[in-house]
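[1] Quick check, what structure comes out for this input:
(4 chains)
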There are 2 protein chains.
Amino acid sequence: MSDDPLALEQQVCFALSVAARSVVAIYRPLLEPMGLTHPQYLVMLALWQHAPLSVRRLSELLQLDPGTLSPLLKRLEAIGYLRRERDQADERSLAITLTERGRALRVDAERIPPAVVERLGMPLEELKNVHAALTRVIAAAAR
Amino acid sequence: MSDDPLALEQQVCFALSVAARSVVAIYRPLLEPMGLTHPQYLVMLALWQHAPLSVRRLSELLQLDPGTLSPLLKRLEAIGYLRRERDQADERSLAITLTERGRALRVDAERIPPAVVERLGMPLEELKNVHAALTRVIAAAAR
DNA sequence: GTCCAATGGTTGGTGCACTAACTATTGGTA
DNA sequence: TACCAATAGTTAGTGCACCAACCATTGGAC
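    Numbering: from 1, shown residues only, chains lettered A, B, ... in the order given. Model prediction:
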């Protein structure tokens, strides 16, 4: 075990990056049949839970730049999973709503989380701990 | 607390993505004066530890695609931190070595990890636990 | 009522990440 | 020796992520 403070294998940021990419890679083949990328999947999760949403609200929920979401939402509209319409009450704002197909997709999506957990083969208990630890990291970074 | 298995706030993948982006965001202003992005910083860490390296070896160490590294390495060569030369023994392979400036940069880099830990304000003990947990996730995903 | 600063979203530029197709070198085997 | 499969790296295409500049709408302040 190296005591070099710059050693790759003891950087938390490196472990975070690799873990995030590794886990997203597990989702890829599962999402591909639905025509979704992982960020698009997260948008769909947010919409299934909270639709209708504005771009601003969505960017807060996902902690993503509106500039990132804008083209992503257009792609989801192009596939036919959602609609982007101006909010009647405030023409600056978009009301993002699900289409029938978008709502229907939820049934397929319900198979994803258990498939990922199964593929990881880690005890649920430990995954909960990881989630809690990450939540503390996110809170610390946000301060 | 929602019991919806598709709820955003209980997805480990979501926490992972947000945490990774949040932590990288902490590095951004620290790396900017050195002219480095976070992935470039990881490449420099690998080189300070193991130079000379081939693209293949680097892609194994960082778990990144050679296709991602290729243009990234050219950018680092353009700034003058490294050299890309064909390996004399095997002309297919690149020997990536540090320039004098690249080696000198290490001194500045040594301030980064403590600055990040300080900025996060989390006990070192907990960061170690996070690191260990992430390492298990990475191993599980790789299996 | 008329400015004007704040707000919501879009666009363009840079760089990362993955995939697939491609080129060049190497080294084993017929 | 002449072939050919494996290996190393590059390139092109798509999409994500951040930033800064931009446009339109809104809602005060005067």
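[2] Up against DNA strand C, what does chain A have?
    A:17, A:21, A:25, A:28, A:54-57, A:59, A:66-67, A:69-71, A:73, A:84, A:87, A:90, A:92-94 (CB under 7 Å from any atom of the strand). Heads up, the C-betas are built off the backbone N, CA and C, glycines and all.
[3] out of those residues, which are buried?
    Among the residues of chain A next to DNA strand C, the ones that count as buried by 16 or more other CB atoms under 10 Å in any protein chain shown are A:17, A:21, A:54-55, A:59, A:69, A:73, A:94.
[4] wait, which of the residues you listed is closest to residue A:117?
    Lowest distance from residue A:117 to these (CB to CB) belongs to residue A:21, with 18.3 Å.
[5] Let me know the helix or strand that the closest one is in.
    helix A:12-31 (DSSP states H and E).
[6] In the helix or strand hosting residue A:102, which residues are buried?
    Taking DSSP H and E as the definition, residue A:102 sits inside helix A:100-109. Buried residues in helix A:100-109, counting neighbours by 16+ other CB under 10 Å, are found at A:102-103, A:105, A:109.
[7] can you list these in CSV and add pLDDT?
    Below are the buried residues of helix A:100-109 laid out as CSV (pLDDT from 0 to 100):
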residue, pLDDT
A:102, 96
A:103, 96
A:105, 96
A:109, 96
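[8] how about the helices of chain A, start to end?
    For chain A, the helices defined by DSSP state H cover A:12-31, A:38-50, A:55-62, A:66-79, A:100-109, A:112-120, A:124-142.
[9] centre of the chain versus stretch A:87-98, how much separation?
    22 Å (CA atoms, centre = their mean, to the nearest Å).
[10] start to end distance for that stretch?
    Start-to-end span of stretch A:87-98 (CA to CA, to the nearest Å) is 15 Å.
[11] cool, and stretch A:25-45?
    So stretch A:25-45: terminal residues 18 Å apart, CA to CA.
[12] Are that stretch and DNA strand D in contact anywhere?
    Yes: Stretch A:25-45 lies within reach of DNA strand D by CB under 7 Å from any atom of the strand, at A:37, A:39-40.
[13] Include distance to residue B:130 and neighbour count when you put those residues into a markdown table, please.
    Formatted as a markdown table, these follow (distance: CB to CB, whole Å; neighbours: other CB atoms under 10 Å in any protein chain shown):
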| residue | distance to residue B:130 | neighbour count |
| --- | --- | --- |
| A:37 | 26 | 17 |
| A:39 | 23 | 15 |
| A:40 | 28 | 18 |
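[14] Looking at the residues you listed, which is nearest residue B:143?
    Within these, the smallest distance to residue B:143 is 24.0 Å, found for residue A:37 (CB to CB).
[15] which ones are touching the closest one?
    Listed by CB atoms under 8 Å, 6 or more residues apart in numbering or on different chains, the contact partners of residue A:37 are residue A:31.
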